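Enquirer: sequence and predicted structure are below.
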2 protein chains.
Amino acid sequence: MANPKQANIYDVARLAKVSHQTVSRVLNNNPSIRPETKTRVLKAMESLGYRPSLAARALASSRSKMLGILSSDTDFTGPAAMVHHMEAAARAQGFFVVTVGIDANDEESVQSGIDHLMKLGIEGLALVTPQLRAVEIARAAVSGIPVVTLDSMYRMDELAVSVDNFAGGAAATQHLIDLGHKNIVHISGPQGWFESTTRAAGYTATMLNANLTPQVIDGDWQIDTGYRIGKKLDIDSKQVTALFIANDRMSLGFMHAMRERGIEVPKRLSIVGFDDLEETAYSSPPLTTLRQDFKSLGNRAMNLLLSEISGTATKKLDRLVPELIQRSSTAAPPKL
Amino acid sequence: MANPKQANIYDVARLAKVSHQTVSRVLNNNPSIRPETKTRVLKAMESLGYRPSLAARALASSRSKMLGILSSDTDFTGPAAMVHHMEAAARAQGFFVVTVGIDANDEESVQSGIDHLMKLGIEGLALVTPQLRAVEIARAAVSGIPVVTLDSMYRMDELAVSVDNFAGGAAATQHLIDLGHKNIVHISGPQGWFESTTRAAGYTATMLNANLTPQVIDGDWQIDTGYRIGKKLDIDSKQVTALFIANDRMSLGFMHAMRERGIEVPKRLSIVGFDDLEETAYSSPPLTTLRQDFKSLGNRAMNLLLSEISGTATKKLDRLVPELIQRSSTAAPPKL
DNA sequence: AGCAGTAATGTTAGCGTTCACATTGAGCGC
DNA sequence: GCGCTCAATGTGAACGCTAACATTACTGCT
């Protein structure tokens, strides 16, 4: 009942009348152990309340069972969900995950986050930092262990899982074109983010392909920025009838500005967002958007990483296509 | 340049012409070392690219420098933000944080999450699980290390940091009463959550204190539930003029239902939420709500935990009062 | 019977730290 | 100039495990 001192492998061995190594073998599921001895050892462990020491194991085997996640913007729904599901996937395989939150725009923050993780002796690293620069720094600072990138991309020969943002941008744009819109503006994410440039590229390519002129306004993901752009955007003289906005948060801010200006969505203006935040189904009006499956993204990334660690890796890249969710913020354009 | 093998303490000692123990002392900032030897050792470390082995240190000193966070609903903004700031605070003091996401309604999930963390040999644990039952299980399963509870409460003699939900509920209610409302309904969170019951208690107490009749509808935090309640709530025959809704997500759903029913907020109905999600400033209309400072909450919790670990703890409880943010979803009641 | 082969278990030596104690040498008082 | 103290450093063992090799005891084959 009391806990005078955590039992170790020798205590268990003594009680089970075997050598400590046999105990170790039981611990590691070594096949060459008689079932009968195995149960005896297990019973001994049980009765001593034995808990293997991870530190000792790590020291002896130089396998820490630790994984690192470097994550920026963890407060956002997407990254938080990915991190959460990655942790669950790792834990299911007996790994421990240390998540370090960083400011991806601050090189020193990235570097010190990496250092922190390297001290730990992690066996693998996942980067949930969509900022290209942060990924570069991290990749450079780490050596000897596999690194998987989520929703970003560095080089084709590295492990990476991402949403096909190009396809998403294209689908959003095509949806608007199919409804009959011609004058479609894109509000992008910040520069230096993989998602920004790729969504914008999907938009641009689709516009050009339909012989339409792309018009891009720089945004930065922030809800407030969507609002401010919405407040001052010249809609009438430019005859804009639709926008593809690079994320839902900006879309929400933008639509708020439209309400204030008395511009009806979707009657006068159609809007497509990106992310499918939960609340966009309940916004005014409910937002047409592209859904990303963060759970699947996280799971796949972790499995990629774990299979690379165990040497059973087969592929290096994985890509998910986002799904267009049609709600009531899009309709045919008005006659102008 | 190459990395044939990580240098250890003996390699450093040899190069610096001291004993390995002196190196260890330098590592641990032992005061009784001559500055001159210290620099020599540091130089040797530098030139060998020496990295101390956490595993070895943990084994020898039985201090793992690991902390655990048990977190449910990590996808929500609040918990995610708290976890994020806790991690940062811990890292600043050289600790590593392993966050485990669980389903707080599933006892086995709670238990296995705890087991996972205990295997690691964590030195302290933080519970970001507002469900009372989960906190109980966790507290019972853990022994020998300090545990801090966030935004929940178990017993007064345990470490805990929380928002003063009672005060928040009271402030929300009083705000509506001050505007002249009499018929104020509360939509609560799910049963079994500390925040639910305490916010409801603050509401009820304030209503009774003003000689008004409390009316509570059970909710569950979900945006969809707010919407569904909003769709069917009998507002006219009951002459309801205001609601205090236990969180912003439900409020968002509720207001969406009001828009669909053509009930004007705040002209016909005033609404107060709780949380101050970023997007509530841009909802239609912008929501009056109570702001919680998750950053401060996380920091304080971690500092409480760390001071308890180092034995310098002074207090055990910390409580933050949420701030009423007035926006345009509240106004004086209509004449009925 | 004798010997190889193999399944099951044992023995010894690390892994890279810290801990407890031992040693050295300089400074000081008398 | 002797011993005492204290500051600075050194020595050996311990932490709890795994790796590598060693031993034992069967089995079956000739």
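Expert: Cool, got the structure. Numbers count the residues shown, from 1 in each chain, chains lettered A, B, ... in the order given.
Enquirer: flag every residue of the stretch 51-200 of chain A that's near DNA strand D.
Expert: A:51-53, A:56-57, A:59-61 (CB under 7 Å from any atom of the strand). For the C-beta atoms, the positions are set from N, CA and C on the backbone; glycine is no exception.
Enquirer: average pLDDT for the particular helix or strand that has residue A:304 in it?
Expert: For residue A:304, the host element (DSSP states H and E) is helix A:294-309. Helix A:294-309 shows a mean pLDDT of 94.
Enquirer: ok now that helix, how far from the chain's centre?
Expert: 10 Å (CA atoms, centre = their mean, to the nearest Å).
Enquirer: other residues contacting whatever helix or strand comes next after that helix?
Expert: Sequence-wise, the next helix or strand downstream of helix A:294-309 (DSSP H and E) is strand A:317-320. Residues outside strand A:317-320 that contact it (CB atoms under 8 Å, 6 or more residues apart in numbering or on different chains) are A:156, A:159-164, A:292-293, A:296-297, A:300-301, A:304.
Enquirer: do stretch A:59-71 as well
Expert: Residues from elsewhere that reach stretch A:59-71 (CB under 8 Å, 6+ apart): A:54, A:57-58, A:79, A:83, A:86-87, A:90, A:94-102, A:110, A:113-114, A:117, A:120-129, A:134, A:138, A:305, B:53, B:55-56, B:59.
Enquirer: among those residues, name the ones in strands.
Expert: A:96-102, A:124-128 (DSSP state E).
Enquirer: how about JSON lines for these, with neighbour count and pLDDT added?
Expert: Output for the ones in strands among the contacts of stretch A:59-71, formatted as JSON lines (neighbours: other CB atoms under 10 Å in any protein chain shown; pLDDT from 0 to 100):
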{"residue": "A:96", "neighbour count": "26", "pLDDT": "96"}
{"residue": "A:97", "neighbour count": "24", "pLDDT": "96"}
{"residue": "A:98", "neighbour count": "22", "pLDDT": "96"}
{"residue": "A:99", "neighbour count": "26", "pLDDT": "95"}
{"residue": "A:100", "neighbour count": "26", "pLDDT": "95"}
{"residue": "A:101", "neighbour count": "26", "pLDDT": "94"}
{"residue": "A:102", "neighbour count": "25", "pLDDT": "93"}
{"residue": "A:124", "neighbour count": "23", "pLDDT": "96"}
{"residue": "A:125", "neighbour count": "24", "pLDDT": "96"}
{"residue": "A:126", "neighbour count": "30", "pLDDT": "96"}
{"residue": "A:127", "neighbour count": "31", "pLDDT": "94"}
{"residue": "A:128", "neighbour count": "29", "pLDDT": "92"}
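Enquirer: check those and tell me the two furthest apart.
Expert: A:96 and A:102 (19.3 Å; CB to CB).
Enquirer: where's residue A:220 relative to residue A:229, distance?
Expert: For residue A:220, the distance to residue A:229 (CB to CB, to the nearest Å) stands at 10 Å.
Enquirer: more neighbours, the two?
Expert: Comparing residue A:220 with residue A:229 by other CB atoms under 10 Å in any protein chain shown, the one with more neighbours is residue A:229, at 20 against 17.
Enquirer: distance check, the more buried one against residue A:273.
Expert: With CB to CB as the criterion, residue A:229 and residue A:273 are 14 Å apart.
Enquirer: residue A:284 too?
Expert: Separation of residue A:284 from residue A:273 (CB to CB) stands at 13 Å.
Enquirer: between those two, point out the one with more neighbours.
Expert: residue A:273 (30 against 21).
Enquirer: which ones are touching the more buried one?
Expert: Per CB under 8 Å, 6+ apart, neighbours of residue A:273: A:245, A:247-248, A:250-252, A:280, A:287-290, A:329.
Enquirer: list only those of those residues flagged as buried.
Expert: Burial by neighbour count, 16 or more other CB atoms under 10 Å in any protein chain shown: within the contacts of residue A:273 this picks out A:245, A:247-248, A:250-252, A:280, A:287-290, A:329.
Enquirer: what about those residues, which are in helices?
Expert: Per DSSP state H, helices hold the following members of the buried ones among the contacts of residue A:273: A:248, A:250-252.
Enquirer: out of the ones in strands among the contacts of stretch A:59-71, which are close to chain B?
Expert: Among the ones in strands among the contacts of stretch A:59-71, proximity to chain B is found for A:96-101 (CB under 8 Å from any CB of the partner chain).
Enquirer: and which of these is nearest residue B:309?
Expert: Closest approach between these and residue B:309, by CB to CB: residue A:98, at 17.6 Å.
Enquirer: enumerate the residues of the stretch 151-300 of chain A near DNA strand C.
Expert: Checking the stretch 151-300 of chain A against DNA strand C by CB under 7 Å from any atom of the strand, there are no hits.
Enquirer: residue ranges in the stretch 151-300 of chain A under the pLDDT threshold?
Expert: A:152-157 (pLDDT under 70).
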